[in-house]
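[1] model this:
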Amino acid sequence: MSDTRQVPTRRAVLGAALAVPLLTAAPSASAAPSRTEDLLYVGTWGVGQVHALRFDPVQGTLSPLGPVAEVTSNWVAAHPTHPVLYVAGSEQGGFIRWFGIDRATGALSRLGEIATESVPTGSGGLSYMGVDQRSQTLLVADFAAGTAVSVPIGRDGELAPPASVVQDTGSGPNPRQQGPHPHHVVVDPSGRFALVADFGADRVFTYRFDRTTRTLSTGTPDGPAAYATAPGSGPRRLVFHPDGTTVYLLNELTADIETLNWHARQGLLTLRQTLPTNAPGHTGTTSAAELAISRDGRFVYISNRGDNALVVFSTDRRSRLLTEVQRIPCGGTTPWSFSVHSSGRWLFVANEASSTVDLFGIDPRSGLLTATGTSVPVPKPDCITFCHH
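    Residues are numbered from 1 along each chain as shown. As a prediction, the model looks like this:
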């Protein structure tokens, strides 16, 4: 999760045992949750903790439970059906730890760990993890090593050693683009390809993905197919439209969003549209961060760290091209990431520099966001995941 401010980079050693204040407003973790409540887990950038929150999606209330694990947490991801949380580390070796979730209290119990790098590449570590539920595979972007990794998930949510590791190549003109830095891995709707947005290489690489063996491969002796962005763009996030033929790509360094056609038979991307996400007359830092699409595909959401804003786009029903429909303050400073609740009615923003998680309502008809005024203190939040079960 790269940033343009003077914060520790992935190349800087991040200590896992930094002293930080605990949340003073945390309620008792033994309080029994209602059946409607979800657990949220929040990674913290450079703090060495995972925090838990309790959320009632009916009432729209958010309560902090405080730190529940002392571990570096570049990214957190919950298993979709098992009470298991995966935590990506920042130290050498590309470590992933997994924890059992106590649904009643939110407490975590450490179950195991694996290393995704056979030869440590230096600190900075992992930038993304996501579960492909159909194949029970954890797909990982290793920012520091320049690799994408597939990790088999066992019957109870445990992790096996990596099934495959593929190496990106390339660089860009920005000083932060001296080599490949994968930032996101997404499986296409056919399940035959994995797309890797590479911040450092100014490319989206298309790898073959075999759901049976749970392996990534280049597909040809010449290497993976690649879509090239404009030099210095810094691809960060991508999402598929539910139609399966459209991809939206968010570039961090240029803070623009691209609409791409996806040609599933060949595994190729072609450009159709590029729009800015900066406000008109924007000056200073330019940095886009997070991207999501509504379940029905009608709206696309992004966070802009340079403007401290959330931006909403509508998608055309026929062409799938984007139109900006809303720009709203993010409720804090440096919206590093956000997550949309499974109901589609709520959006949670990890405002890293202001050390807050802020709650927004989503109007399912218009797609527009409304600030609820609910803001919970969490030190340096960098990502948010849900445990619904």
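[2] Low-confidence stretches in the stretch 251-389 of the chain?
    Residue ranges of the stretch 251-389 of the chain with pLDDT under 70: 389.
[3] Show me what residue 128 is bridged to.
    Note on residue 128: beta-bridge partners residue 141, judged by DSSP bridges.
[4] in this structure, which residue is closest to the centre?
    What sits nearest the mean C-alpha location of the chain, by Cα atoms, centre = their mean, is residue 128, with 5.6 Å.
[5] my guess is residue 96 contacts residue 125, does it?
    No - the criterion here is Cβ atoms under 8 Å, and residue 96 misses it with residue 125 at 9.7 Å. Heads up, the C-betas are built off the backbone N, CA and C, glycines and all.
[6] what touches both of those two?
    88, 89 (Cβ atoms under 8 Å, 6 or more residues apart in numbering).
[7] Just the pLDDT at the residue nearest to the centre of the chain, thanks.
    You'll see residue 128 listed with a pLDDT of 97.
[8] That one reaches residue 140, doesn't it?
    Yes - assessed by Cβ under 8 Å, residue 128 is found in contact with residue 140 at 7.0 Å.
[9] joint contacts of these two?
    Joint contacts of residue 128 and residue 140 (Cβ under 8 Å, 6+ apart) are 88, 185.
[10] quick one on the thing from earlier: against residue 223, how distant is the residue nearest to the centre of the chain?
    21 Å (Cβ to Cβ, to the nearest Å).
[11] Then residue 213?
    Following Cβ to Cβ, the distance that separates residue 213 from residue 223 is 20 Å.
[12] Check residue 157 too.
    33 Å.
[13] higher neighbour count, the two?
    residue 157 (23 against 14; other Cβ atoms under 10 Å).
[14] Spell out which residues sit in contact with the more buried one, please.
    Applying Cβ under 8 Å, 6+ apart, the residues near residue 157 are 79, 82, 83, 84, 98.
[15] thought the first one was touching residue 111?
    No - no contact is recorded between residue 79 and residue 111 when judged using Cβ under 8 Å, the distance being 11.5 Å.
[16] So if I had to pick from the two, which one is more boxed in?
    residue 79 (22 against 15).
[17] Could you find the closest non-adjacent residue to the more buried one?
    Closest residue to residue 79 apart from its sequence neighbours, by Cβ to Cβ, 6 or more residues apart in numbering: residue 157 at 4.7 Å.
[18] give me phi/psi at the one you found?
    Main-chain dihedrals, residue 157, degrees, to the nearest 10: phi 90, psi 0.
[19] Kindly report the same for the one 3 residues further on.
    According to degrees, to the nearest 10, the main-chain angles of residue 160 amount to phi -100, psi 170.
[20] Count the residues that sit near it.
    Considering only other Cβ under 10 Å, residue 160 is surrounded by 12 other residues.
[21] Repeat that for the one 5 residues further on.
    Residue 165: 19 surrounding residues under other Cβ under 10 Å.
[22] Also residue 294?
    Neighbours around residue 294, by other Cβ under 10 Å: 18.
[23] Hmm, it is touching residue 345, no?
    No - Residue 294 lies out of contact with residue 345 (Cβ under 8 Å); the separation is 10.8 Å.
[24] who touches both of the two?
    Counting by Cβ under 8 Å, 6+ apart, the residues touching both residue 294 and residue 345 are 362, 364.
[25] give the contact list for the residue of the chain most remote from its centre.
    Farthest-out residue of the chain from its mean C-alpha position, per Cα atoms, centre = their mean: residue 221, at 30.6 Å. Not one residue lies near residue 221 by Cβ under 8 Å, 6+ apart.
[26] Where does it sit: helix, strand or coil?
    Following DSSP: H, G, I helix; E, B strand; the rest coil, residue 221 is assigned to coil.
[27] again with the one 10 residues further on
    Taken by three-state DSSP, the conformation at residue 231 corresponds to coil.
[28] Once you drop chain neighbours, what's closest to it?
    residue 173 (5.2 Å).
[29] And for residue 289?
    Nearest one to residue 289, counting by Cβ to Cβ, 6+ apart, is residue 303 at 4.6 Å.
[30] Tell me the spacing between that neighbour and residue 339.
    11 Å.
[31] who's more crowded, those two?
    residue 303 (28 against 19).
[32] Now stretch 97-107: buried residues?
    For stretch 97-107, the neighbour count (16 or more other Cβ atoms under 10 Å) marks 97, 98, 99, 101, 105, 106, 107 as buried.
[33] cool, and stretch 266-286?
    Quick answer for stretch 266-286 (16+ other Cβ under 10 Å): 267, 269, 274, 276, 277, 278, 285, 286.
[34] Please work out the average pLDDT along stretch 136-144.
    Computed over stretch 136-144, the average pLDDT equals 96.
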